[in-house]
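Chemist: Prediction below, plus the sequence it came from.
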Amino acid sequence: MLHRKIFGLTCLLAFAFLAGCMSPPTGLDLSSKRPTEQRLYVVEVRSLANPIAINKIHSWEAKVSLPTGEPVTGARIAVGGGMPQHGHGYPTQPRVTKELGEGRYLIEGMKFSMTGWWELKLDIASSTGADKVTFNTVIGQQ
């Protein structure tokens, strides 16, 4: 009986280790600027930390424009995302804390708890309408 428990625990640990080493999907779009799903907005994101360190809280900036290039002001932006291959979200609750002007918004509370493929999801609402966009990033070994 003890051997079965040890074997089961060993298998579980091996699976957890291998899951942490998953490679991102081939051809993953890592662009930092893209249109939203319904093409109401064009959004560009960037980390304000360079390099991004594992387990360190840092901030990002999102720039929201209309397809014409006109900045979107007064938008409400909800932040979500996580690791699709692991089935969990961020270990923090990142959120937009400030409108910086010219369509730029400060996202605070970003934290990546491990290396690998992460998604940053933004739900955007303004007088133009509601839309969403997902960005992919791969956090490497530090």
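Modeler: Received the coordinates, thanks. Numbering: from 1, shown residues only.
Chemist: For the most centrally placed residue in the chain, list the residues it contacts.
Modeler: By CA atoms, centre = their mean, the chain has its centre lying nearest to residue 120, at 2.1 Å. Neighbouring residues of residue 120 by CB atoms under 8 Å, 6 or more residues apart in numbering: 45, 60, 79, 81, 134, 135, 136, 137. Placement of C-beta: from N, CA and C, glycine included.
Chemist: That one and residue 70, how far apart?
Modeler: 23 Å (CB to CB, to the nearest Å).
Chemist: hey, where'd the helices end up in the protein?
Modeler: Under the criterion DSSP state H, the chain contains helices at 2-20.
Chemist: Could you list the low-confidence segments of it?
Modeler: 1-21, 141-142 (pLDDT under 70).
Chemist: So which residues make contact with stretch 129-142?
Modeler: Contacting residues not belonging to stretch 129-142 are listed as 24, 28-32, 34-41, 43, 45, 51-54, 81, 112, 114-124 [CB under 8 Å, 6+ apart].
Chemist: are any of those residues buried, and which?
Modeler: 34, 36, 40-41, 43, 45, 52, 81, 112, 116-118, 120, 122, 124 (16 or more other CB atoms under 10 Å).
Chemist: Which one of those residues is nearest to residue 92?
Modeler: Closest approach between the buried ones among the contacts of stretch 129-142 and residue 92, by CB to CB: residue 112, at 9.6 Å.
Chemist: So the closest one sits against residue 92, correct?
Modeler: No: Residue 112 is beyond contact range of residue 92, at 9.6 Å (criterion: CB atoms under 8 Å).
Chemist: do you know how far residue 97 is from residue 67?
Modeler: Distance from residue 97 to residue 67, by CB to CB: 27 Å.
Chemist: now the closest residue to residue 28 other than its chain neighbours: how far from residue 118?
Modeler: Residue nearest to residue 28 in three dimensions, not counting chain neighbours: residue 136, with 5.2 Å by CB to CB, 6 or more residues apart in numbering. As judged by CB to CB, residue 136 and residue 118 stand 7 Å apart.
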